[in-house]
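K.L.:
using only what follows, build the 3D model:
(2 chains)
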Amino acid sequence: MRDRFGKWPTMLAVIAVALMLGVSSATAQSTDYRAPRTAAGYPDLNGIWQTINSAHWNIEPHAAGPGLVRELGASIAVPAGHGIVDGGAIPYRPEALLQRDENFANRLELDPEIKCYLPGVPRATYMPFPFQIIQSEQHIMIVHEYAGAVRTIYMENHTPAPAPTWMGWSHGSWDGETLVIDTQGFNAQTWFDRAGNFHSDALHVIERITPRSEDTMLYEVTIEDPEVFTRPWTMSMPLYRRVEANAEILEFECVEFVEDLIYGHLRKQLDNGTQ
Amino acid sequence: MIHRFLNSGCIAAAVITVSLLTAIPVAAQAPGPVDGYNVPRTADGQPDFEGFWTNATRTPLQRPAGMASEFYTAEEVAATESREAELETAPTVPGTTADVHYDYSQFGLTHSQSTLATSLRTSLIFDPPDGRIPPMTTEGQRIVAQREEEALLKGGRFASAETNELDDRCISMGGSGPPMMDAGYNSNYQILQNRDYVMILTEMIHDVRIIPLDGREQADGKIRQWIGTSRGHWEADTLVVETANFNGKKPFPFQPDAVIRPTYYGSTESMRVTERFTRVDDETIVYQFTIDDETMWSRPWSAELPMKKTIGPLFEHACHEGNYGLTNTLVGARLEEQQAAEEATAKKSN
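P.N.:
Numbers count the residues shown, from 1 in each chain, chains lettered A, B, ... in the order given. The predicted model follows:
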C-alpha cells in the first residue's frame, strides 16, 4: 500500500477515472491543487481545522436575530448567514417541516447541544470549535473539541454499523485527492444546527473532503433521509487550518457545565439553607 | 453504572485481594524491550503502536499487605484468574445491590470475558520497592481532610450530581488517566499515529488524548484539564509522554485498595505524570508511569502494567447521553429522605 499514489500508473488511472466521471465544478476546481502526501502516499489531511460561518446557528440562509437568554443580550444574539445548504432550502416533507418549526420554537428545551450531548454528523464539523484529523492507513480519526466527540473512519474492513449511535459508523475511501466518508448507523437524536433542522435514524451522510490549498479544504456533504426529506440534498463550505503554532484540541468537558440544568431539580435541600 | 465500585464491587474486590495473599515469589520479568525484537515501524519510521489494546488486569495497584515478593508464578496467576472468573459469574444474593444491578457477564463486560493484560507482578507499583504508594505529606493529609469536610457540607455523595462520583457523572472512568489504568470494564484503547501526534482513544466515555511530538512547550498553567496537557518525545524506541496542568479534581483510577476514598484521594494541581510506552513484542506494549506530586506524596512513585493487543473495533460509549443511572440515584435518594421524614413525623404524633 505504501507509495500507492506516488506510482505513475495509479495516478494516471485516478486522473482517467476523474475525467470519465465528469466531476462537479467545485470538485474540478479543487483537483487543480495536489496536496502533500503522507509517508504512506495518501493526500495529507492531517491538521487542526475549523469552519468560519454561522451554520451552527442555522444551516439555511437566515437574518440576524435575538438570543434566547435575555440577560446575555447581544453576546449570544444570532449573526446572519448565507447558510451552507446548496440552493438555500432543505427539501423537507410537509409534516417534517412542521416538526422542524416546532423544534425551533422549543429549541431551548430540545436542542441536544444545550445538554452537552454528542452533536452528530455533520453538525460536529461546523460547530464553533476546532477539530483534528489524525490520519493513518487503516483508520482516520476526527477528534472534535466539543464534548470530546470522536469519529473513527474505517478505511478498510467495512462492516455494517453494529448499533445506532450519535456519531454514526463511518467508512472511508479515496477518490483521487478526495477523502470520501460514508456514514450510517445514526440514532434520531441529533440535530443539524440550533434552529431545529433534524433527521431520522434513516440518515445517510456522504462527506467529501478535498484539499484546495495548503491551509484550506473543501467540505461537501450529501444528506439522504427519505423519512424526512423528499430528495437527497447537499451542503458545502470551506475548512480552514488553524495555523497557530500552538494550535491544540483542548478539553471542553461540558458535562459538568450542564449538571445543574439537567439534574438540579433533584438536588437535596440542605439544613444549612443551601441547595 | 450506579454502585459500580461501591458496595458489591468493594466486597468482591476485597475477596479478590485476600485470595491473592497466598503466593510464592519468583524471578523478575524483564521490563524493557525483549532482546532481538524487531519493533514494527509506521510509514513515518516511528515505532508502531497502532491498533487496539487493553490494560484489563487483576493486579492491584498496591501490593497486598503481608505479600513480600514482587512476582507470582505463571501458575499462581492462572489459578487466581480462573478463581476470579468463577466469582464473576457466581449467583448473587437476593436483596443485595449486586442482585438488582445488571449482570456484567450478560454483556461481555467481565474481566474473564475480555482479553486480560496479565502481569506476574504482585502490584503494579514497582517503586518504592515495597509496591505501596508512599506516605502522604502533611499537606496532602490536610487537603484530603478538607475535601472530605467540604463534601459532607455539600450533603454527601447522593446530594446532587456534582457530589457524585466522576464515573457515575460520566466525566471520567479512569481509563484515560493519565496514568492510564484499568477502568474496571471495557478497558480498551485505540492508538493512531501520524508524524507529529500520537492519539489514544479510550473506549470509556470516548476520552481522547492527542499527544504532540513536535517539541512544543507545555501549555500555559492557567489551562487546567481533567486529562492534563501532554507533550511527547521519542527516547530510542520508547515513547515518553510528560503531562502537567491537571485540574486536581480527579482521583486515581479504581483499584481494589485505592477505592476507599475515591473522590478525595490522589491528586492535586501540582501533579506531573511521566509515561513510557515500549513495544516489546507483537502482542504487548509495556506501559510505565511515574507520579510526581510533592504536594500530596512524600516521594515520586512508579508503576508498570502491560497493554495487550485486543480485537477492535471500539464502540461509541455515549455515557452522559444515556445516564439514566444518575437520575435514578438522585430520585431514589430524595425518596428515601422523604420516607424518613414522614416516619419521623408519624413517630412524633404517636
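
K.L.:
what residues does the stretch 51-200 of chain A have near chain B?
P.N.:
Residues of the stretch 51-200 of chain A lying near chain B by CB under 8 Å from any CB of the partner chain: A:116-118, A:132, A:134-139, A:141, A:143, A:148-150, A:152, A:154, A:162-163, A:165-167, A:189. No exception for glycine: its C-beta is placed from N, CA and C like everyone else's.

K.L.:
just the ones in strands from these, please.
P.N.:
A:132, A:134, A:135, A:139, A:141, A:143, A:150, A:152, A:154 (DSSP state E).

K.L.:
if we can go back for a sec, what subset of the residues of the stretch 51-200 of chain A next to chain B is buried?
P.N.:
Those of these that meet the buried threshold are A:116-118, A:132, A:134-137, A:139, A:141, A:143, A:148-150, A:152, A:154, A:165-167, A:189, by 16 or more other CB atoms under 10 Å in any protein chain shown.

K.L.:
so who does residue A:44 touch?
P.N.:
For residue A:44, the contact set (CB atoms under 8 Å, 6 or more residues apart in numbering or on different chains) comprises A:35, A:36, A:37, A:38, A:135, A:211.

K.L.:
which of these count as buried?
P.N.:
Neighbour counting with 16+ other CB under 10 Å marks A:35, A:38, A:135, A:211 as buried within the contacts of residue A:44.

K.L.:
straight-line length of stretch B:196-215, end to end?
P.N.:
In stretch B:196-215, first residue to last residue: 9 Å (CA to CA, to the nearest Å).

K.L.:
stretch B:308-315 now?
P.N.:
By CA to CA, the extent of stretch B:308-315 from end to end equals 18 Å.

K.L.:
wait, does that stretch contact chain A?
P.N.:
Yes - Stretch B:308-315 comes into contact with chain A (CB under 8 Å from any CB), by way of B:313, B:314, B:315.

K.L.:
show me which of those is closest to residue B:294.
P.N.:
residue B:314 (36.1 Å; CB to CB).

K.L.:
that closest one contacts residue B:190, doesn't it?
P.N.:
Yes - judged on CB atoms under 8 Å, residue B:314 makes contact with residue B:190 at a distance of 5.2 Å.

K.L.:
out of those two, which sits in the more crowded spot?
P.N.:
Between residue B:314 and residue B:190, residue B:190 has the larger neighbour count (other CB atoms under 10 Å in any protein chain shown), namely 22 against 18.

K.L.:
quick one: average pLDDT of the host helix or strand of the more buried one?
P.N.:
Per DSSP states H and E: residue B:190 is located in strand B:188-193. The predicted model gives strand B:188-193 an average pLDDT of 97.

K.L.:
please enumerate the helices of chain A.
P.N.:
With DSSP state H, the ranges of helices along chain A come out as A:8-21, A:25-30, A:94-105, A:107-110, A:255-263.

K.L.:
and stretch A:241-258, how far from the chain's centre?
P.N.:
16 Å (CA atoms, centre = their mean, to the nearest Å).

K.L.:
right, I mislabeled it, should have said stretch A:219-228
P.N.:
Counting by CA atoms, centre = their mean, stretch A:219-228 is centred 12 Å from the centre of its parent chain.

K.L.:
start to end distance for that stretch?
P.N.:
The first and final residues of stretch A:219-228 sit 23 Å from each other (CA to CA).

K.L.:
next up, the contacts around the closest residue to chain A within the stretch 1-150 of chain B.
P.N.:
Nearest to chain A, among the residues of the stretch 1-150 of chain B, is residue B:43, at 3.7 Å (CB to the nearest CB). By CB under 8 Å, 6+ apart, the residues touching residue B:43 are A:2, A:38, A:39, A:40, A:41, A:137.

K.L.:
distance of the last one from residue B:203?
P.N.:
Read it as residue A:137. Counting by CB to CB, to the nearest Å, the gap from residue A:137 to residue B:203 is 22 Å.

K.L.:
likewise the fourth one?
P.N.:
Residue A:40 sits 26 Å away from residue B:203, going by CB to CB.

K.L.:
which one's more surrounded, those two?
P.N.:
Neighbours per residue (other CB under 10 Å) separate residue A:40 from residue B:203, with residue B:203 holding more: 24 against 19.

K.L.:
ok, which stretches of the stretch 201-350 of chain B are helices?
P.N.:
In the stretch 201-350 of chain B, the segments counted as helices under DSSP state H, counting those that start in this stretch are B:324-349.

K.L.:
how about the residues of it by chain A?
P.N.:
Counting by CB under 8 Å from any CB, the stretch 201-350 of chain B comes close to chain A at B:201, B:205-208, B:210, B:212, B:216-217, B:219, B:223, B:225-227, B:229, B:313-316, B:318, B:320-321, B:326-327, B:330-331, B:333-334, B:337.

K.L.:
go through these and flag which are in strands.
P.N.:
Counted as lying in strands by DSSP E, out of those, are B:201, B:207, B:208, B:210, B:212, B:229.

K.L.:
save the contacts of residue A:44 as JSON lines, and put in distance to residue B:294 and pLDDT too.
P.N.:
Output for the contacts of residue A:44, formatted as JSON lines (distance: CB to CB, whole Å; pLDDT from 0 to 100):
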{"residue": "A:35", "distance to residue B:294": "48", "pLDDT": "97"}
{"residue": "A:36", "distance to residue B:294": "45", "pLDDT": "97"}
{"residue": "A:37", "distance to residue B:294": "47", "pLDDT": "97"}
{"residue": "A:38", "distance to residue B:294": "42", "pLDDT": "96"}
{"residue": "A:135", "distance to residue B:294": "40", "pLDDT": "96"}
{"residue": "A:211", "distance to residue B:294": "48", "pLDDT": "98"}
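
K.L.:
so which of those residues comes closest to residue A:75?
P.N.:
Closest to residue A:75, out of all of those and judged by CB to CB, is residue A:211, at 35.2 Å.
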